[in-house]
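Trainee: Just a sequence and a predicted model for now, questions to come.
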Amino acid sequence: MIATSSRAPFPDEKQLRRWGAWILVGLSLLLLLPGNNLIPLIDRDEPRFAEATREMIVRHEWVIPYFNGEHRFDKPILIYWMMRGAYAFFGVNEFAARLPSVLCAALLVWLTFQVGARWLSAAVGFAAGFGLLTCVQMLMHGRSAVADMPMVVCVFAAHWSLFELLSASSSEGLWKWWTLFWTACGVGFLAKGPVAIVLPALTLLFYRFVFWRKPVPWRRLRAEWGVPLFLLMVGSWGIPALVLTHGDFFRVGIEKHVLQRGFTSFEGHGAFAPYYYLLTAFLSLFPWIAFAGDTVVTVRRDWNAQNAFLLSWVVGTYLLFTCYLTKLPHYVLPAFPALFLMFGQAIQATPTPSRVSKAWFWLVIVIGLIVTTALFAARWELYRFPQLSGLGTAAAAATGMVLSLTLLAVCWRKRYSFASMIYLLTLVLCIVVLGEGLRSVSPAVAVRGLAETLPPTTRCASWRFAEPSLVFYTARYWDSLGSAREVKEFLNQPGPRLVVCQISETRLAQFFRRTTLTRRLNSAASDVLASISDAGIPSVQINGLNLAHASWVDLQVYYRR
């Protein structure tokens with residue numbers, strides 16, 4: 001991809017080791033920064049993290065996150081500190097909220113190259129880093145204002161140092177790897193909880209007893225010193241958090257949001273389905289899942305301690321989250337660097353592929369082209385509805401993104417480096433257009449425009465549309481109302497008021513079925529809202545896309561200055 005010829009192999013090892021990592025970092029920033037100021041924060045997680053950081057700043061708080069004026073126990077503190085630093089430089093906006101994830105993603109790609117070059121070859125490291133950067137899941141979560149990317153970086157650092165500790169031929173200089181391992185576990189816990197230490201432990205068990213099955217120098221971990229160091233880092237924030245919340249941060253943050261998620265399905269996210277992550281891998285790892293067959297052949301042929309460790313890393317992660325009843329496709333992100341270090345061995349190699357692996361590659365490419373065609377058709381279908389024109393623009397951008405990724409995989413297989421850069425630039429352009437399209441149909445962004453004209457003391461409330469993005473974009477606390485009558489009572493109270501009411505909601509799938517099935521108000525609620533309008537309280541209508549529900553909503557927004 002960085003060769004001078006349009007069809008040439010990788011540069012020699014020396015040249016790639018010198019420049020490969022920095023080229024990948026530059027590509028990471030090129031792909032993940034554009035559009036972040038345009039794409040509205042995606043309900044429901046992104047606005048919660050972004051707004052909690054803003055409220056911590058307002059409260060001069062460094063220990064306890066708040067959202068909408070109440071404690072937020074979902075995740076530990078690290079991501080809020082990182083967002084706070086970004087806000088200090090760029091202000092409170094989408095770009096700043098997403099910047100920590102972008103920088104962590106660039107660091108992760110850099111680390112992937114370094115490990116690939118150290119364990120295998122610079123060509124493998126470059127292919128692995130490039131594949132990791134351009135897979136669908138990374139393009140999404142590498143820019144998301146959530147806690148995942150800092151945690152994935154820490155898990156990666158813990159695995160790298162763990163293997164170096166176990167495989168070193170002598171004990172000289174091991175203190176550096178020991179320090180990195182326990183520090184990564186501690187910081188990773190501050191990013192997203194116990195997963196940062198559970199995953200390396202599972203990898204170690206699978207490596208020792210399943211895939212490599214050779215004695216390992218356990219004593220090099222020096223747990224008698226490492227565990228206190230780990231607890232010291234966690235306790236430096238955890239103890240004040242427990243004291244200030246009277247233990248609620250443990251009861252809610254750990255018992256509910258970590259342990260209970262393992263035994264119950266939260267918010268309808270998944271259930272016990274052993275095949276869940278195998279199915280979602282096709283989307284998450286696209287387009288590089290096309291090299292899965294070649295990867296199996298290459299890794300089996302070149303079986304060694306490194307590949308045994310990488311496979312242990314992948315299997316441990318997937319097994320843990322398969323048994324976890326609450327499931328989302330990005331939960332297995334910590335395994336992606338290991339997967340791509342194995343994929344990289346197949347991507348950069350030029351062996352004669354087996355018939356099965358070759359057939360699998362072209363099957364994935366054909367599916368990518370089919371999805372591109374379906375998105376293109378959906379774009380024209382959306383333009384049939386004038387109110388969905390912005391969504392049609394987003395669909396057009398998504399069409400270009402899928403096509404670019406599909407052809408990018410073909411270019412890598414054929415070694416067309418110049419064409420690869422064209423598709424990368426096309427991908428960047430499509431991301432920017434996607435952001436413009438989604439922003440034009442964001443209800444919360446439209447409500448913000450109205451809220452900015454109201455006094456700072458305005459009380460805000462919502463009925464049937466209580467998405468966290470309202471809180472972030474208006475920078476105000478919101479009450480949730482239970483009925484149309486409560487809306488009327490709220491508006492009749494003294495002082496400036498703003499109320500968002502969801503009048504109807506239509507699932508996007510219903511547009512393509514050419515049906516008019518829509519969640520509308522019953523007649524009693526409609527009569528109450530009509531009486532509000534008759535009373536002379538001004539209102540505006542706002543239409544937009546609720547991404548959390550994949551639905552089109554019609555809102556009636558009442559306000560009083």
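Mentor: Noted; the coordinates are in hand. All values reported here derive from a predicted model rather than from experimental measurement.

Trainee: Quick check: the closest residue to Ile367 other than its chain neighbours vs Thr506, distance?
Mentor: For Ile367, ignoring the flanking residues on the chain, the nearest one in space by C-beta to C-beta, 6 or more residues apart in numbering is Phe282 at 8.0 Å. Yep, even glycine has a C-beta here, placed from its N, CA and C like the rest. In this view, Phe282 and Thr506 are 29 Å apart by C-beta to C-beta, to the nearest Å.

Trainee: ok, those two, which is more surrounded?
Mentor: Neighbour totals were compared for Phe282 and Thr506, and Thr506 leads with 17 against 14 (other C-beta atoms under 10 Å).

Trainee: I figured the more buried one hits His549, correct?
Mentor: No - judged on C-beta atoms under 8 Å, Thr506 makes no contact with His549 at a distance of 10.1 Å.

Trainee: What is the one helix or strand Ile239 maps to packed up against?
Mentor: If you go by DSSP states H and E, Ile239 is part of helix 223-244. Packing partners of helix 223-244 (3 or more C-beta pairs under 8 Å, 6 or more residues apart in numbering; DSSP states H and E): helix 174-192, helix 248-250.

Trainee: pull the CA atoms of stretch 278-286 into CSV?
Mentor: In CSV, the C-alpha atoms belonging to stretch 278-286 read as follows (Å, rounded to 0.1, in the frame of the first residue of the first chain):
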residue,chain,number,x,y,z
LEU,A,278,-19.9,-15.4,14.8
LEU,A,279,-22.8,-13.7,12.9
THR,A,280,-21.9,-10.2,13.9
ALA,A,281,-18.3,-10.8,12.9
PHE,A,282,-19.3,-10.6,9.3
LEU,A,283,-20.3,-7.0,9.8
SER,A,284,-17.8,-6.0,12.4
LEU,A,285,-14.7,-7.4,10.6
PHE,A,286,-15.9,-6.4,7.1
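
Trainee: any idea which helix or strand comes after the helix or strand hosting the residue nearest to Ile367?
Mentor: Phe282 belongs to helix 276-284 when assigned by DSSP H and E. As assigned by DSSP H and E, the chain's next helix or strand after helix 276-284 is helix 292-301.

Trainee: Now do the buried residues in that following helix.
Mentor: Within helix 292-301, the residues that qualify as buried are Ala292, Gly293, Asp294, Thr295, Val296, Val297, Thr298, Val299, counting by 16 or more other C-beta atoms under 10 Å.

Trainee: separation between Phe336 and Leu133?
Mentor: Applying C-beta to C-beta to Phe336 and Leu133 gives a distance of 10 Å.

Trainee: Actually, Leu328.
Mentor: Distance of Leu328 to Leu133, given as C-beta to C-beta: 21 Å.

Trainee: With neighbour numbers in mind, choose between these two.
Mentor: Counted by other C-beta under 10 Å, Leu328 and Leu133 do not tie: Leu133 has more neighbours, with 24 against 18.

Trainee: what's the angle from the helix holding Ile239 to helix 174-192?
Mentor: Put simply, helix 223-244 runs at 20 degrees to helix 174-192, going by axes from the mean of the first three to the mean of the last three C-alpha atoms, to 10 degrees.

Trainee: Need the contact partners of helix 223-244.
Mentor: 63-64, 76-77, 178, 181-183, 185-187, 189-190, 197, 249-250 (C-beta atoms under 8 Å, 6 or more residues apart in numbering).

Trainee: what residue lies at the spatial centre of the protein?
Mentor: His141 (2.4 Å; C-alpha atoms, centre = their mean).

Trainee: wait, isn't it in contact with Pro150?
Mentor: No - look at His141 against Pro150 with C-beta under 8 Å: they stay out of range, at 11.4 Å.

Trainee: Common neighbours of the two, please.
Mentor: Joint contacts of His141 and Pro150 (C-beta under 8 Å, 6+ apart) are Ser101.

Trainee: just to confirm, which helix or strand has Leu27 in it?
Mentor: Assessed by DSSP H and E, Leu27 sits inside helix 13-32.

Trainee: Okay, buried residues for that helix please.
Mentor: Judged by neighbour count (16+ other C-beta under 10 Å), helix 13-32 contains these buried residues: Leu16, Arg17, Gly20, Ala21, Ile23, Leu24, Val25, Leu27, Ser28, Leu31, Leu32.

Trainee: The closest residue to the fourth one other than its chain neighbours: what's it in contact with?
Mentor: Spatial nearest neighbour of Ala21, excluding adjacent residues (C-beta to C-beta, 6+ apart): Phe113 at 4.6 Å. Neighbouring residues of Phe113 by C-beta under 8 Å, 6+ apart: Gly20, Ala21, Leu24, Ala122, Gly125, Phe126, Ala128, Gly129.

Trainee: same question for the host helix or strand of Phe113, mean pLDDT?
Mentor: For Phe113, the host element (DSSP H and E) is helix 94-119. Mean pLDDT, helix 94-119: 97.

Trainee: for stretch 147-156, same thing?
Mentor: Mean pLDDT, stretch 147-156: 97.

Trainee: how deep is Ser171 tucked in, by neighbour count?
Mentor: Residue crowding around Ser171 was assessed by other C-beta under 10 Å; the count is 11.

Trainee: got it, and Val155?
Mentor: Val155 has 30 neighbours, counted by other C-beta under 10 Å.

Trainee: So which elements touch the helix holding Phe282?
Mentor: helix 136-141, helix 305-323.

Trainee: Now do stretch 206-219: everything it contacts.
Mentor: Leu165, Leu166, Leu204, Ala305, Ala308, Phe309, Leu311, Ser312, Val315, Gly316.

Trainee: Which pair of those spans the longest distance?
Mentor: Among these, the pair separated by the greatest distance (C-beta to C-beta) is Leu165 and Val315, at 20.2 Å.

Trainee: residues contacting Leu132?
Mentor: For Leu132, the contact set (C-beta under 8 Å, 6+ apart) comprises Leu108, Val109, Thr112, Met138, Phe336, Pro337, Phe340.

Trainee: so where is the stretch 301-450 of the chain shaky, pLDDT-wise?
Mentor: For the stretch 301-450 of the chain, applying pLDDT under 70 flags the ranges 350-352.

Trainee: what about the helices in it?
Mentor: Along the stretch 301-450 of the chain, counting by DSSP state H, counting those that start in this stretch, helices occupy 305-323, 336-348, 355-382, 389-414, 417-440, 443-451.

Trainee: now those in CSV, with mean neighbour count and distance to Asp479?
Mentor: Formatted as CSV, those follow (neighbours: other C-beta atoms under 10 Å; distance: least, C-beta to C-beta, whole Å):
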stretch, mean neighbour count, distance to Asp479
helix 305-323, 21, 36
helix 336-348, 27, 41
helix 355-382, 16, 34
helix 389-414, 21, 29
helix 417-440, 19, 26
helix 443-451, 20, 14
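
Trainee: Using CSV, lay out these together with distance to Leu491.
Mentor: Below are those laid out as CSV (distance: least, C-beta to C-beta, whole Å):
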stretch, distance to Leu491
helix 305-323, 46
helix 336-348, 49
helix 355-382, 35
helix 389-414, 30
helix 417-440, 29
helix 443-451, 15
